[in-house]
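S.K.: no sequence on this one, just coordinates:
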C-alpha cells in the first residue's frame, strides 16, 4: 500500500501490509496525513494505491483519490476585537449621537422639532 501526498506532508499507514484476507473479509487500515505547519490555503490531492497477490499473481486494485481542503482559520477573539474597535471609532467620531438626531412630529398641522414646536 502506498500513499502519494503533497510535498513536505507526512503520512502514517497502519498496518502497511495485510498478510492475508479471506473472501468477504475486511480489515481496517488507519491513514494519518499531516500537512506542514506553513501550509497554504487551498485544495490538495492525496492518492492511495494498493496492490496484492491472488494465486501468487499480482493484482492491482483501483487507485483511490481524496481531495484535502485547507481553509483559513477563523479567530473569534480577533473578530470581537475588530468589532469593538469599529464601534469605538463610530461612537468617538460622532457616528450616531442623540443630540444630532432630529425628530419631526406633525401634530394637527404644526411641525415640531424635538420639543420646540413652530406654530
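M.R.: Cool, got the structure. Computed from a prediction, not measured in an experiment: that's the story for all the values here. Numbers count the residues shown, from 1 in each chain.
S.K.: measure the residue positioned nearest the centre of the chain to residue 78 for me?
M.R.: Among the residues of the chain, the one closest to the centroid is residue 71, at 4.1 Å (Cα atoms, centre = their mean). Residue 71 sits 16 Å away from residue 78, going by Cβ to Cβ, to the nearest Å. All C-beta atoms are positioned from the backbone trio N, CA, C, and that covers glycine.
S.K.: what's the pLDDT at the residue nearest to the residue nearest to the centre of the chain when sequence neighbours are not counted?
M.R.: Nearest residue to residue 71, sequence neighbours excluded (Cβ to Cβ, 6 or more residues apart in numbering): residue 41, at 6.3 Å. At residue 41, the pLDDT value in this model is 89.
S.K.: I figured residue 41 hits residue 73, correct?
M.R.: No: counting by Cβ atoms under 8 Å, residue 41 stays clear of residue 73, with 9.4 Å between them.
S.K.: quick one, helices of this protein?
M.R.: 76-92 (DSSP state H).
S.K.: can you pull out the strands in the protein?
M.R.: 2-4, 10-14, 30-34, 42-49, 51-54, 57-60, 64-70, 104-107, 110-113, 116-118 (DSSP state E).
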